[in-house]
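>>> I'd like to go over a predicted model; first the sequence, then the structure.
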Amino acid sequence: LQVPRAPSQPAAGSEGRRFANKHSKKALKASLTLGILLGMFFVAWLPFFVTNVTQAVCSCVPAGFFDVLTWLGYCNSTMNPIIYPLFMRDFKRAMGKYLPCCRRSGEPRPSAISLSMRNSNSGPRAAMSLKNVL
């Protein structure tokens with residue numbers, strides 16, 4: 001016997017697909033972000049390291065060219081604080097929480113005591129977590 005299902009009930013399969021689809025989108029976005037970061041790193045620093053090895057072997061690299069490649073690597077390091085907020089929502093939230101220039105007007109400023117309590121294993125939270133583990 002088959003029992004007809006009410007049309008208002010979602011199918012269990014569609015909920016599972018929606019859950020998988022949500023996580024696959026997150027994984028795709030994380031992969032894209034990582035690919036961009038690593039790609040920019042390799043484009044910026046690989047010529048420097050190859051030139052550095054070449055310079056050690058044959059001493060045939062002009063000093064000006066070596067300086068340009070060094071500054072290309074420095075530019076990559078400068079771009080990281082720009083790339084992270086563009087692609088990572090959690091990074092944006094963290095920066096907005098701790099940097100006064102990025103904080104929204106309604107958000108309270110975290111105190112130094114709450115930050116140190118959060119970053120250390122002391123205080124009431126540690127006792128509760130130890131109690132939960134045991």
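Sure thing, it's come through.

>>> report how many residues lie close to C58.
Residues near C58, counting by other CB atoms under 10 Å, number 8. C-beta here means a position set from N, CA and C on the backbone, and glycine is covered the same way.

>>> how much space between it and T51?
Computed as CB to CB, to the nearest Å, the C58 to T51 distance reads 11 Å.

>>> ok, now F91?
32 Å.

>>> for W71, same thing?
Separation of W71 from T51 (CB to CB): 13 Å.

>>> of the two, who's got more company?
T51 (17 against 13).

>>> so who does that one touch?
Contacts for T51 (CB atoms under 8 Å, 6 or more residues apart in numbering) come out as V61, F65, F66, L69.

>>> for ChimeraX, write a command that selects the buried ones of those.
This is the ChimeraX syntax for the buried subset of these, where burial follows 16 or more other CB atoms under 10 Å:
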select :61,69
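
>>> my guess is M40 contacts M79, does it?
Yes: judged on CB atoms under 8 Å, M40 makes contact with M79 at a distance of 6.4 Å.

>>> pLDDT value on A63, please?
Among the per-residue scores, A63 holds a pLDDT of 91.

>>> neighbours of it, how many?
Around A63 there are 8 other residues, counting by other CB under 10 Å.

>>> would you mind identifying the next helix or strand past the helix or strand encompassing G39?
Per DSSP states H and E: G39 is located in helix 12-58. Using DSSP H and E, the helix or strand that follows helix 12-58 in sequence is helix 63-87.
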